[in-house]
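Asks: Dropping the sequence and predicted coords here.
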Amino acid sequence: MTESFSELSLAPSLAKAVAKMGYETMTPIQAQAIPVVLQGRDVMGAAQTGTGKTAAFSLPLLQRLLRHENASASPARHPVRALVLLPTRELASQVADQITQYAEFTNLRCTVVFGGMDIKPQIAELRKGVEVLVATPGRLLDHIEGKSAVLNQVEYVVLDEADRMLDIGFLPDLQRILSHLPKKRTTLLFSATFSTDIKRLANSYLQDPVTIEVARSNATAATVEQRFYSASGEDKRLALLALIKQHDVKQAFVFVNSKLGCARLARNLERDGLRTAAMHGDKSQDERLKALAAFKAGEVDLLVCTDVAARGLDIKDVPVVFNIDLPYNAEDYVHRIGRTGRAGASGLAISLVSSSDGRFLGDIEKLIKIKAEVEAIEMPVASGRAPRDDRRPREDRGQQDRPRREERIDKRDDDRMANRAESRDPKARYQPVRQTKSDPLFDKPYEPSLPPETTPAWEAAPSAKPRGISASIKSRRKVAALFKSTV
């Protein structure tokens, strides 16, 4: 098996770009997939995240597209011949950048289209003509419907991170996109994990594919050390601070499950003096790209993010990944910790486990076939808060604070309390002090207005109706009166 890029017989322009990027030895997925793709075969490849899948499909595609290379300025001479579909904007931008670097010394053009950005510059770029189009499914459909993307000459289709595209509901979009492509084409499907749905998709759109699995399905990289610590609630932030100090972490990914929790944790860590950026689905595309660029440039220490950043992002030399929340889907754990230990480097993945995370931890253990040992961690005391063991019960705090509250009572209240204490009636000291004026009307005892033997007017027999009055007309109802009029 070929292990060096120099043995691949790549075109001089591609070999020059590979040498410039510092590539020498191929990873297992590259060594197995590149020769097969060069033969024009369909490929179904499974590899751990961070093992170089992008180069595994990009280099052979560019090698086969060189026969269409030309220096013409006419857009008609540069139709779309290779289509690369990815699930997220960040991943699409990253893959497009890598393909552009591989094609630096060729006349092949590459561009990327994804949502969250103005569509007009993308339309202008497509009208210039491109050979390699990198896209997310939703925005590509917009261009297809707007006639700005014509795919009738596509020869190669790459479905990267296909399992993620199915997880977020892109299957109908994929089916619509593939229906616009020529029947005769080469289809490559790459993913970190393979599920039953992925195999069903491959059977529908791949023709006699070569299956390449360089690692056990759903496995984590052997170079990543995994640690689990017990923490819950607000203690997770304190545990994170303690672990950052303990391991002398300079830069790290911090994963949480919710967008709200991501924003809140980023603000709190910023207050703690750490250079922090947040990246989640509610951020605009411009904000997400700026946060990612700042993290790559080393201007940000911690990138707090949701699973929007768990797939495919290739940032070199990130030593640690923190899981503040265990993911709901165990496969996302594989992708999260794959942000460290990339390309054979060593990495550390630390997860904080609360008492309610038992089921999620069990799913992770079952998927990656390890036994997690949850360790305890000593957390520093937060500023302005008493240690947990020294916190007084509410009743004790009330007893000790009561004299302090009584000191703030004014002199008039002191006099009133003294008068109550000197009262002979013990109950009087607890009765409110009220001064009321006497009223002779209400002080006079009750006296009935009629003798007891008198029949009330409302119980007396009704009087005979005068003649000439209809029987349907009823007399006015008599009710008891509280006060009798003397008029």
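Replies: Ah, there it is.
Asks: any idea of the mean pLDDT in stretch 348-357?
Replies: Model confidence over stretch 348-357, given as mean pLDDT, is 91.
Asks: Report the contact partners of the residue most central in space within the chain.
Replies: With distances taken as C-alpha atoms, centre = their mean, T306 lies nearest the centre of the chain, 3.3 Å away. T306 is in contact with 255-259, 262, 279-281, counting by C-beta atoms under 8 Å, 6 or more residues apart in numbering. (Each C-beta comes from the backbone N, C-alpha and C, glycine too.)
Asks: quick check, nearest of the residues you listed to P12?
Replies: Proximity of those to P12 (C-beta to C-beta) peaks at M279, which lies at 39.4 Å.
Asks: neighbours around that closest one, how many?
Replies: 24 (other C-beta atoms under 10 Å).
Asks: Point out where the stretch 51-200 of the chain drops to low pLDDT.
Replies: Applying pLDDT under 70 to the stretch 51-200 of the chain flags the ranges 192-193.
Asks: now the strands: where do they sit in it?
Replies: Taking DSSP state E, counting those that start in this stretch, the strands of the stretch 51-200 of the chain run over residues 82-85, 110-113, 132-135, 156-160, 186-191.
Asks: Run me through the strand neighbours of the first one, direction for each.
Replies: Read that as strand 82-85. strand 132-135 (parallel), strand 156-160 (parallel) (DSSP bridges).
Asks: Can you give the distance of the last one from its chain's centre?
Replies: Distance of strand 156-160 from the chain centroid (C-alpha atoms, centre = their mean, to the nearest Å) equals 26 Å.
Asks: about what we covered before: out of the strands of the stretch 51-200 of the chain, which is the most enclosed?
Replies: Among the strands of the stretch 51-200 of the chain, the stretch with the highest mean neighbour count (mean count of other C-beta atoms under 10 Å) is strand 132-135, at a mean of 26.
Asks: residues touching the closest residue to E287 other than its chain neighbours, list them.
Replies: What sits nearest to E287 in space, not counting adjacent residues and going by C-beta to C-beta, 6 or more residues apart in numbering, is M279, at 8.0 Å. Counting by C-beta under 8 Å, 6+ apart, M279 makes contact with 262, 287-288, 291-292, 303-306, 308-309.
Asks: picking up where we left off before, most surrounded residue in the contacts of T306?
Replies: Highest neighbour count within the contacts of T306: F255, with 28 neighbours (other C-beta under 10 Å).
Asks: Tell me the predicted confidence for that residue.
Replies: pLDDT at F255 comes out at 93.
Asks: Convert the helix or strand harbouring A242 to CSV, retaining C-alpha atoms only.
Replies: If you go by DSSP states H and E, A242 is part of helix 235-246. What follows is helix 235-246, C-alpha atoms only, in CSV (Å, rounded to 0.1, in the frame of the first residue of the first chain):
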residue,chain,number,x,y,z
ASP,A,235,-20.2,23.8,40.1
LYS,A,236,-19.5,22.9,36.5
ARG,A,237,-18.2,26.4,35.8
LEU,A,238,-16.0,26.3,39.0
ALA,A,239,-14.8,22.8,37.9
LEU,A,240,-13.9,24.1,34.5
LEU,A,241,-11.8,26.9,36.0
ALA,A,242,-10.0,24.5,38.3
LEU,A,243,-9.3,22.1,35.4
ILE,A,244,-8.0,24.9,33.2
LYS,A,245,-5.6,25.9,35.9
GLN,A,246,-4.6,22.4,36.8
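Asks: switch to numbering from 15
Replies: Right, with 15 as the first residue, what we last looked at is helix 249-260.
Asks: Low-confidence ranges, the stretch 365-501 of the chain, go.
Replies: Within the stretch 365-501 of the chain, the segments meeting pLDDT under 70 span 393-452, 464, 470-501.
Asks: ok, the residue nearest to L100 when sequence neighbours are not counted - contacts?
Replies: The shortest distance from L100 to any non-neighbouring residue, by C-beta to C-beta, 6+ apart, is to A106 (4.5 Å). The contact partners of A106, by C-beta under 8 Å, 6+ apart, come to 100, 126, 128, 148-150.
Asks: quick one on the thing from earlier: tell me what the helix holding A256 is packed against?
Replies: The helices and strands touching helix 249-260, judged by 3 or more C-beta pairs under 8 Å, 6 or more residues apart in numbering; DSSP states H and E, are helix 273-285, strand 361-367.
Asks: count of neighbours near Y342?
Replies: 12.
Asks: Apart from its chain neighbours, what residue comes closest to L180?
Replies: D211 (5.3 Å).
Asks: ok, the one you found touching G183?
Replies: No. Using C-beta atoms under 8 Å, D211 is not in contact with G183; the gap is 11.7 Å.
Asks: higher neighbour count, these two?
Replies: Between D211 and G183, D211 has the larger neighbour count (other C-beta under 10 Å), namely 13 against 9.
Asks: Check the spacing between the more buried one and F71 real quick.
Replies: Noted for D211: a distance of 21 Å to F71, by C-beta to C-beta, to the nearest Å.
Asks: One more: L99?
Replies: Relative to F71, L99 is positioned 12 Å away (C-beta to C-beta).
Asks: For the strands of the stretch 65-214 of the chain, give me a markdown table that also has distance to V238.
Replies: Listed next are the strands of the stretch 65-214 of the chain as a markdown table, based on distance: least, C-beta to C-beta, whole Å:
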| stretch | distance to V238 |
| --- | --- |
| strand 96-99 | 27 |
| strand 124-127 | 29 |
| strand 146-149 | 28 |
| strand 170-174 | 21 |
| strand 200-205 | 19 |
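Asks: re the thing from before, now do the shared contacts for L99 and F71.
Replies: Counting by C-beta under 8 Å, 6+ apart, the contacts common to L99 and F71 are 172, 174.
Asks: what's stretch 189-196 in contact with?
Replies: 97, 99, 151, 154-155, 158, 165-169, 171, 219.
Asks: For those, work out which two are farthest apart.
Replies: Top of the distance list for the contacts of stretch 189-196 (C-beta to C-beta): L155 and E169, 20.6 Å.
Asks: Going by how many neighbours each has, rank those two and give me the top one.
Replies: A side-by-side neighbour count of L155 and E169, using other C-beta under 10 Å, places E169 first with 20 against 17.
Asks: Kind regards, and thank you for your time.
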